[in-house]
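>>> Sequence and predicted model, in that order:
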Amino acid sequence: MLYVVTGAVRVSAGQVGRVRVVAARALAVLGDGDHVRIIGLEPENRFLLIAGKSLHEPVARGGPFVMNTRAEVLQAFRDYEQGDL
């Protein structure tokens, strides 16, 4: 995925090479592929490019915690409140 903090960028990714413009404060999900091309369109551009292999696991989230199940999220809250983290 690509998140543009400031400016705007032109991005193409994957085999198809679909090109799109991503503006500031916008998120683009790029999908599968082994390369990405990013071109800045403003004098100053800042962005985050995040990539990773899918774990194919369930995701449960709550507050600042991300776990695999809702029960694990609730346990994380209990641990945090008790100072066990």
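Arrived safely, thanks for sending. Numbers count the residues shown, from 1 in each chain.
>>> so residue 74 sits in a helix?
Yes. Assessed with DSSP: H, G, I helix; E, B strand; the rest coil, residue 74 lies in a helix.
>>> doesn't residue 62 make contact with it?
Yes. Using C-beta atoms under 8 Å, residue 74 is in contact with residue 62, at 7.5 Å. The way it works is simple: take the backbone N, C-alpha and C, and place the C-beta from them, glycine included.
>>> so where do the strands sit in this structure?
Using DSSP state E, the strands found in the chain span residues 2-6, 8-13, 18-23, 26-28, 36-40, 46-49, 60-62, 65-67.
>>> Could you look over those and pick the most buried one?
Highest mean neighbour count of these: strand 8-13, a mean of 18 (counted as mean count of other C-beta atoms under 10 Å).
>>> ok, so what distance separates residue 32 from residue 43?
According to C-beta to C-beta, to the nearest Å, residue 32 stands 32 Å off from residue 43.
>>> just to revisit the earlier point, of all the strands of the chain, which lies closest to residue 82?
Proximity to residue 82, assessed across the strands of the chain by C-beta to C-beta, is greatest for strand 65-67 (14.3 Å).
>>> Which strands and helices lie in contact with that closest one?
If you count contacts as 3 or more C-beta pairs under 8 Å, 6 or more residues apart in numbering; DSSP states H and E, strand 65-67 packs onto strand 60-62, helix 70-81.
>>> May I see the buried residues of stretch 39-59?
For stretch 39-59, the neighbour count (16 or more other C-beta atoms under 10 Å) marks 45, 47 as buried.
>>> Contacts for that stretch, please.
Contact partners of stretch 39-59, identified using C-beta atoms under 8 Å, 6 or more residues apart in numbering, comprise 1-11, 21-22, 36, 38, 66-69.
>>> So what's the model's average confidence on it?
Averaged across stretch 39-59, the pLDDT comes to 94.
>>> first to last residue in it, what's the distance?
33 Å (C-alpha to C-alpha, to the nearest Å).
>>> With stretch 41-54 instead?
End to end - C-alpha to C-alpha - stretch 41-54 spans 30 Å.
>>> centre of the chain versus it, how much separation?
From the chain centre to the centre of stretch 41-54 is a distance of 10 Å (C-alpha atoms, centre = their mean, to the nearest Å).
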